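In: Turn this into a structure:
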Amino acid sequence: MMTKKQRGFSLIELLIVVAIILIIAAISVPNLLRSRMAANEASAVGSIRTINTAVTEYALTYGGYPASLAQLGGTTGTAVGCNGAGLIDSVLSAGIKSGYSVALIPGTQPAPPSSVPSGCTAGFSDGYVVTAVPVAVGSSGGRAFCSDASGVIRSNPTGTVSYTSPVCSPTQSPLQ
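Out: Coordinates of the predicted model:
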């Protein structure tokens, strides 16, 4: 029988509830972090695909591969051209997206001047390399990604990327 003094939970009951909540949190937090890393990796692969498409469009339009992500992007309010083509968004052209540092490394051979429009600072004929490396390996992502003019996206489980400009290292595994 309950008296008026025995309303609510006892200290032991509250401690048991807190312990259960802590156990549930300990189980769910690592899964949440793994899910976030997987989402960041998927975003990095999507960014590389977007850049590959934009670089191909750029090369067809301006006669050579671009020298930087900024040339693929552009600035709001300025005219679209070879030094700011407007083919990718401003977040991606800045080089950091979803916990990954994204970079475009140009080739080494300039395109013939006759194929590049006047006033363009771009124009490499031998290709490019796009890399996506986690900002914090093991936290923002676990794998690094690389692609070149072949369009094949390769991954490295160590979180680093290797290339010999303008080609990704064939020792890195292609994505399946």
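In: For this structure, give me the ranges with low pLDDT.
Out: Applying pLDDT under 70 to the chain flags the ranges 1-6, 76-77, 113-115, 121-122, 176.
In: ok, and the residue positioned nearest the centre of the chain, which helix or strand is that part of?
Out: Centrality entry for the chain: nearest residue to the mean C-alpha point is residue 44, 2.9 Å, by Cα atoms, centre = their mean. Using DSSP states H and E, residue 44 maps to helix 11-62.
In: Residue 41 against residue 144, yeah?
Out: No - assessed by Cβ atoms under 8 Å, residue 41 is found out of contact with residue 144, at 9.7 Å. C-betas here are computed from N, CA, C, even on glycine.
In: circling back to that earlier point, just how off-centre is the helix holding residue 44 within its chain?
Out: 13 Å (Cα atoms, centre = their mean, to the nearest Å).
In: need the contact list for residue 170.
Out: By Cβ atoms under 8 Å, 6 or more residues apart in numbering, the contact set of residue 170 is residue 154.
In: Let's see that with 7 Å instead.
Out: If a contact means Cβ atoms under 7 Å, 6 or more residues apart in numbering, then residue 170 has no contacts.
In: how near is it to residue 13?
Out: Distance of residue 170 to residue 13, computed by Cβ to Cβ, to the nearest Å: 62 Å.
In: And for residue 167?
Out: Residue 167 is 65 Å from residue 13, by Cβ to Cβ.
In: Could you check which of the two has the larger neighbour count?
Out: Neighbour totals were compared for residue 167 and residue 13, and residue 167 leads with 16 against 10 (other Cβ atoms under 10 Å).
In: Quick check: beta-bridge partners of the more buried one?
Out: residue 164 (DSSP bridges).
In: what's it in contact with, if anything?
Out: Going by Cβ under 7 Å, 6+ apart, residue 167 touches 127, 129, 148.
In: cool, residue 47 as well?
Out: By Cβ under 7 Å, 6+ apart, the neighbours of residue 47 are 92, 97, 102, 132.
In: Pick out whichever of the residues you listed sits closest to residue 62.
Out: Set against residue 62, the nearest of these by Cβ to Cβ is residue 92 (18.7 Å).
In: after the stretch of helix or strand the closest one belongs to, next one along is what?
Out: For residue 92, the element it lies in under DSSP H and E is helix 90-94. Beyond helix 90-94 on the C-terminal side, the first helix or strand identified by DSSP H and E is strand 96-97.
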